[in-house]
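*Asks:* The amino acid sequence is not available; the structure is as follows:
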DNA sequence: GTGATTGTGTAGGATGCGCTACATAAGTTC
DNA sequence: GAACTTATGTAGCGCATCCTACACAATCAC
């Protein structure tokens, strides 16, 4: 079977590809944040008119939801790969922070973490969706720690999550890869001390 | 001499006290952030009409500027007191982080740090003013570190500032005093290791 | 008192926002 | 071809935003 949906569509065909639209919107939201991107920004970037946008995505928050899904599936930090059971917990967590530093500084206009930044926006629906993804990531980290350091899982998860929030904020504030990485490594010192192998 | 400005004013007297207005606006901005507070929110909270507001403050960003000035003068973390030359640098910086945890969680509706959050708003004028104060605080920290650990001043300042950004974000996200404090103390471990006394 | 000065209240302008009604174009099915 | 289905383009609604024009009220100096 082909990967693309082969169901022959009826009616007038779309003039744009919704998946490409999601990718374009992801760049906009990542660079400027949910609140600062207007529907007009998106439609003009896509070369379409508002009705086409609303027919495809329902609302600005609806598009954002699809952008987050796409981001989590493709661009999020691969926690499942980094939180390995065969190495010290502190080492895995430090790797997560360093990976965050790399990704947050990667783009041409660094926007930090789309999910973390989304938890701070002024639209309730968009914010809750981002918060849900964020909580999910925190739960993965907490479970990973709890397997070997149950008494410290809560506070170390908070520390890692707080550091990632800070890294995302600083990436938006102009810190480049080197500075973010140095900060992540300093945080790693705390992890090594709190979670002795 | 009296503390209040005794210059006899000409013309019709104001129906409101601009200083009280700044204090009221500070609560609004702190609780909701610059972007989410409208001029209508402020004027209705003050019981005045827009022209009175604009006559007194010029613009929303103008009011915010005065709010920041007031905040820095009264509610900001007293770096000058905490960064003492008579104790280990790491200890002073840890005290700053713990003080931040206390203040960010203090209010009834915790809004983190007004300055840090202000650096993330969508209004250029307001953002730059907040950034300026933030840079000023970072410079104080960097100078304090450089006196005894010049080679590490840059990266440790980044780490402290990043952690404060994260603490502010997490305070807004629902972390209470205990969780913020635990995170601050974990960060302190990194400081102690990076800056041996 | 008269005039100058300053703040206030009513009312609304200008712009941008998210979003939609409606007629029509561009396809499929029969 | 006719009938149906779906997307598009034009145009604009309703609302919120920041901010202001203008007439009037309240105080001062004289």
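*Replies:* That came in fine, so what should we check first? Since the model is a prediction, treat every value here as computed from it, not as a measurement. Residues are numbered from 1 along each chain as shown, chains lettered A, B, ... in the order given.

*Asks:* how many neighbours does residue A:93 have?
*Replies:* For residue A:93, the count of nearby residues is 27 (other C-beta atoms under 10 Å in any protein chain shown). C-beta: built from backbone N, CA, C; applies to glycine.

*Asks:* Could you check how far it is from residue B:145?
*Replies:* Residue A:93 sits at a distance of 26 Å from residue B:145 (criterion: C-beta to C-beta, to the nearest Å).

*Asks:* Likewise for residue A:27?
*Replies:* Plainly put, residue A:27 is 38 Å away from residue B:145 if you go by C-beta to C-beta.

*Asks:* name the helices or strands packed onto the longest helix seen in chain A?
*Replies:* Using DSSP state H to define each element, chain A has its longest helix at helix A:124-146. Packing partners of helix A:124-146 (3 or more C-beta pairs under 8 Å, 6 or more residues apart in numbering or on different chains; DSSP states H and E): helix A:60-74, helix A:79-82, helix A:89-104, helix A:114-118, helix A:153-172.

*Asks:* what would those helices look like in CSV with mean pLDDT and distance to residue B:49?
*Replies:* What follows is these, written out as CSV (pLDDT from 0 to 100; distance: least, C-beta to C-beta, whole Å):
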stretch, mean pLDDT, distance to residue B:49
helix A:60-74, 98, 32
helix A:79-82, 98, 53
helix A:89-104, 98, 45
helix A:114-118, 98, 36
helix A:153-172, 98, 37
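
*Asks:* and of these, who's closest to residue B:108?
*Replies:* helix A:153-172 (21.9 Å; C-beta to C-beta).

*Asks:* average model confidence for stretch A:24-42?
*Replies:* Averaged across stretch A:24-42, pLDDT comes to 98.

*Asks:* quick one: terminal-to-terminal distance for that stretch?
*Replies:* Stretch A:24-42 has an end-to-end distance of 8 Å (criterion: C-alpha to C-alpha, to the nearest Å).

*Asks:* how about it, does it reach DNA strand D?
*Replies:* No: against DNA strand D, stretch A:24-42 shows no contacts by C-beta under 7 Å from any atom of the strand, the least distance being 8.6 Å.

*Asks:* May I see the buried residues of that stretch?
*Replies:* A:24-30, A:32-35, A:37, A:42 (16 or more other C-beta atoms under 10 Å in any protein chain shown).

*Asks:* so which of these would you say is closest to DNA strand D?
*Replies:* Minimum distance to DNA strand D across these is 11.9 Å, recorded for residue A:35 (C-beta to the nearest atom of the strand).

*Asks:* which residue does chain A bring closest to chain B?
*Replies:* Using C-beta to the nearest C-beta, the closest approach of chain A to chain B is made by residue A:166 at 3.1 Å.

*Asks:* Now that residue: closest residue in space that isn't a chain neighbour?
*Replies:* For residue A:166, ignoring the flanking residues on the chain, the nearest one in space by C-beta to C-beta, 6 or more residues apart in numbering or on different chains is residue B:166 at 3.1 Å.

*Asks:* buried sites along stretch A:168-175?
*Replies:* Under the neighbour-count criterion of 16+ other C-beta under 10 Å, stretch A:168-175 has A:168, A:169, A:170, A:171, A:172, A:173, A:175 buried.

*Asks:* For the closest residue to the third one other than its chain neighbours, the count of nearby residues, please.
*Replies:* In space, residue A:170 comes closest to residue B:162 once its chain neighbours are excluded; the distance is 5.0 Å by C-beta to C-beta, 6+ apart. In terms of burial, residue B:162 registers 30 neighbours under the definition other C-beta under 10 Å.
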